[in-house]
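Peer 1: Show me the folded form of this:
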Amino acid sequence: MSLAAEPGIDDADYAAAGFQRCGPLAVRLDILERLADLIREARQAHPNRQFEPAPAMTSLLGCSVADLRGVLKSLGYKRVQKGDDP
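Peer 2: Numbers count the residues shown, from 1 in each chain. Next up, the predicted model:
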């Protein structure tokens, strides 16, 4: 689903293989679409359109919470509230 992004590999090489570099990881494009669906659903359920990183997201990517934060940051999401990891 995702793998550690290596500095020596060009973004175009990842794209040719169906991956996108997202912070610390290279994530398959279909998995990014599914992550977007999870985020969209979580935002619709929240009155302020915010969302919390969920275990389903880390499970989908096969990564840690810290890696998920890096992926979300690279996609333009900002952390609003700092707290304990779920």
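Peer 1: Report the secondary structure element holding the spatially most central residue of the chain.
Peer 2: Centroid-nearest residue in the chain: residue 71, 3.9 Å away (criterion: CA atoms, centre = their mean). Counting by DSSP states H and E, the element that carries residue 71 is helix 65-74.
Peer 1: Residues in contact with that helix: which ones?
Peer 2: With contacts defined as CB atoms under 8 Å, 6 or more residues apart in numbering, helix 65-74 is touched by 2, 21-25, 27, 35, 53, 57-58, 61, 63, 79, 85-86. Yep, even glycine has a C-beta here, placed from its N, CA and C like the rest.
Peer 1: cool, stretch 1-11 as well?
Peer 2: Stretch 1-11 is contacted by residues 14, 19-28, 31, 60-63, 67, 71 when judged by CB under 8 Å, 6+ apart.
Peer 1: please redo it, this time with the cut-off set to 6 Å
Peer 2: For stretch 1-11, contacts defined as CB atoms under 6 Å, 6 or more residues apart in numbering pick out 21, 25, 26, 27, 28, 31, 61, 62, 63.
Peer 1: For residue 50, see how far away the residue nearest to the centre of the chain is.
Peer 2: Distance from residue 71 to residue 50, counting by CB to CB, to the nearest Å: 17 Å.
Peer 1: most surrounded residue in the contacts of helix 65-74?
Peer 2: Neighbour count (other CB atoms under 10 Å) singles out residue 27 as the most crowded of those, with 27 neighbours.
Peer 1: biggest helix in this structure, by residue count?
Peer 2: Determined from DSSP state H, the single longest helix within the chain is helix 29-44.
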